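**Q** following is a predicted model, sequence given first.
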Amino acid sequence: MWTTVPVVVGSQLISLLAVRAYVPQPRSSWLFRVVVGALLGTAGSSLVIGVALGFEGVSRAAFVADVLLFSIAALGWRGIWVLRARARLDDGTHPASLELVDRAEEMTTLRGVVMSLYRYRELLRSLVLKDLKLKYRGSVFGFLWSLANPLLMIVVYTVAFTVILRVRTQQFVFYLLLGQLAWTFFASSAAMSTGAIVDNAPLIRSVFFPRAILPIGTVLFNLAQYLLTISVFLPVTLTWYGVPLSAPMLLFPAFLGLQALFSIGVALILATLTAFFRDVRHLLDVALAVLFWTTPILYELAQVPERLRLLILLSPMSPFIVAYQQLFFYRQWPEATVWLIAGTYAVGAFVIGATLILAFEDRFSEQL
Amino acid sequence: MTAIEAQAVSKRFLLRHNASVELKVRFLGILHSERRETVEEFWALKGVSLTIKRGEAVGLVGRNGSGKSTFLKLVAGTHRPTSGHLLVARNARIASMIELGVGFHPELTGRENVLLNAAIHGLTRAEIDAIYPAIVEYSGLEHFIDVPIKNYSSGMHMRLGFAVAANLDPDILLLDEILAVGDADFRQRCNGTVEEFLDKGKTILFVSHDSEAVRAICHRVCVLEQGELVFDGGVEDGLSFYDRLLTHRADHGDVRIRPALRESN
């Protein structure tokens, strides 16, 4: 059962600490240590579970999901460390070293791009801050609007659905807004990203920087907005409806991360396409309207006829929104299918988007 | 020590007639031949090979459309060569003063714009904090730094842009005739900065028609003509070569090579 997850994770973490995998400066034996640590931890936890509960009914999906999360965390740890080390190396060599490089060529490799994104992290931060500042500049209540918005939506929806439409489902507004807010994060990132390259034409023509920063910045800006909103929405609704806190809610950051990665991928694709076909903006309006209804936001996945259910779940935003609903509304661990689809979409969109912008980046300055 | 090395660099621009980014028009083009997009090739640079050492100040002269600015854009990295390689020293910081104050957002204050603009040039937070006071002082806009840029005059706008570019501590400086604009005071400041860069042994690439300015700054001149490098050498020789080129063209008429036409679709 999913209840065994804490035992598995805890035991793995303990064994990882025992083999010292998470040290500040990973050594060459690092991969070996991680593998050994994970194996030891899994074996240990299985032993504990086997002795205490018996293997009857233990979900293999729990182990798989855990291993997945675990590998992502481990790779992330390693990646950050490598980038840090390289950045230190780079800083040390300024002013310019003797080596000559072809900057145009260097930007065509994924490694080069990831490195340059890391080197331009201050730009990413500034862009997100700029958008946030601009959004509230001149308004009296400033960013309080972001906090007031979800509260107003709760009131309006409650009136609409309990007084006017008389929906009987308990906590329907909670369910609806859970999906609606996550949808808004995706939809507005997608809509804004179409202008990320096109609207910055003068900048792109005259300064050299990794172009992918612009669409990524718009997604991060929308993510910041979403986090502001959710930080009001969740506490308020959870107390108002008396929803008990439960362990699955801890998985929220994992799915939010996947949704952010997915949105970045989509943003890269849309930003690149808009540079060549302005029609993308109008097509996107239509596509978003269709996608809204093929995503279980206003209805529950369980209400969908059995044979259509997988189809609905395959709609781009469905796995993420279904996951949030399972975490907070049904308070259960998401099924392996949801994990699988969400993970595939996130990684797939990101890889396609990154490839696309890399392939066409050099033509932006002439095309715009 | 080489700062910039161009190896047979060529740059082709496609001039689109009836160009459209709308799908509709592209489909219409299939039916109506007069609406069809035609693409004209234009070679802005043809096989230019050039090596510039660190600390050199090179003047690029040539008539309009000879490819000077294109060469600067290739060095700046905003455009990529169609063929050939353009190499720059690894991690060289390149400041271009081709267009000043690009990327300034009218709603943001001077301070916010300086921070954003420095970040666009790839500086880290610590580096920005270190040069920020110098930028403000250099621009002479202490009093207006917390005012939105939209309330700036165009001169103030330019001064702030120049202040950012001048304080980036670039290894390679690209100048494109901006010294000709602005009031006398501003021009003097610009010249002072350029001289300072020369003293510090920075590499300067200067595009100009003004032979006086070239004499003042450069110790080497490259003449471009129709995308080809036709002269590379000393300042006086280069300028007189350029003069002869101009008079020669005037005497014998402008013989232009007709660009190859080709149809897309």
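**A** Alright, I've got the coordinates. Numbering: from 1, shown residues only, chains lettered A, B, ... in the order given.
**Q** residue B:43: what secondary structure?
**A** Following DSSP: H, G, I helix; E, B strand; the rest coil, we place residue B:43 in the strand state.
**Q** near chain A, which residues of the stretch 101-250 of chain B?
**A** B:102-103, B:105, B:107-108, B:112, B:115-116, B:119-125, B:128, B:171 (C-beta under 8 Å from any C-beta of the partner chain). Backbone N, C-alpha and C define where each C-beta goes, glycine included.
**Q** what about 6 Å?
**A** Counting by C-beta under 6 Å from any C-beta of the partner chain, the stretch 101-250 of chain B comes close to chain A at B:102, B:103, B:107, B:116, B:119, B:120, B:122, B:124, B:125, B:171.
**Q** need these in JSON lines with pLDDT, secondary structure and neighbour count, can you?
**A** Compiled in JSON lines, these are given as follows (pLDDT from 0 to 100; DSSP: H, G, I helix; E, B strand; the rest coil; neighbours: other C-beta atoms under 10 Å in any protein chain shown):
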{"residue": "B:102", "pLDDT": "78", "secondary structure": "coil", "neighbour count": "17"}
{"residue": "B:103", "pLDDT": "78", "secondary structure": "coil", "neighbour count": "20"}
{"residue": "B:107", "pLDDT": "86", "secondary structure": "coil", "neighbour count": "14"}
{"residue": "B:116", "pLDDT": "90", "secondary structure": "helix", "neighbour count": "21"}
{"residue": "B:119", "pLDDT": "89", "secondary structure": "helix", "neighbour count": "26"}
{"residue": "B:120", "pLDDT": "87", "secondary structure": "helix", "neighbour count": "22"}
{"residue": "B:122", "pLDDT": "83", "secondary structure": "coil", "neighbour count": "20"}
{"residue": "B:124", "pLDDT": "86", "secondary structure": "coil", "neighbour count": "17"}
{"residue": "B:125", "pLDDT": "88", "secondary structure": "helix", "neighbour count": "14"}
{"residue": "B:171", "pLDDT": "86", "secondary structure": "coil", "neighbour count": "21"}
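**Q** export these to a markdown table and tack on distance to residue B:86?
**A** Formatted as a markdown table, those follow (distance: C-beta to C-beta, whole Å):
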| residue | distance to residue B:86 |
| --- | --- |
| B:102 | 21 |
| B:103 | 23 |
| B:107 | 36 |
| B:116 | 28 |
| B:119 | 25 |
| B:120 | 21 |
| B:122 | 18 |
| B:124 | 26 |
| B:125 | 30 |
| B:171 | 15 |
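**Q** which strands or helices does the helix or strand hosting residue A:319 pack on?
**A** Per DSSP states H and E: residue A:319 is located in helix A:318-324. On a contact count with 3 or more C-beta pairs under 6 Å, 6 or more residues apart in numbering or on different chains; DSSP states H and E, helix A:318-324 meets helix A:172-198, helix A:252-276, helix A:336-360.
**Q** for those helices, which one sits closest to chain B?
**A** The closest of those to chain B is helix A:252-276. By C-beta to the nearest C-beta, the value is 6.4 Å.
**Q** which strands and helices lie in contact with the closest one?
**A** Partner elements for helix A:252-276 (3+ C-beta pairs under 6 Å, 6+ apart): helix A:172-198, helix A:213-240, helix A:318-324, helix A:336-360.
**Q** tell me which element residue B:78 falls in.
**A** For residue B:78, there is no host helix or strand (DSSP H and E).
**Q** got phi/psi on it?
**A** Residue B:78 adopts backbone torsions of phi -80, psi -20, taken as degrees, to the nearest 10.
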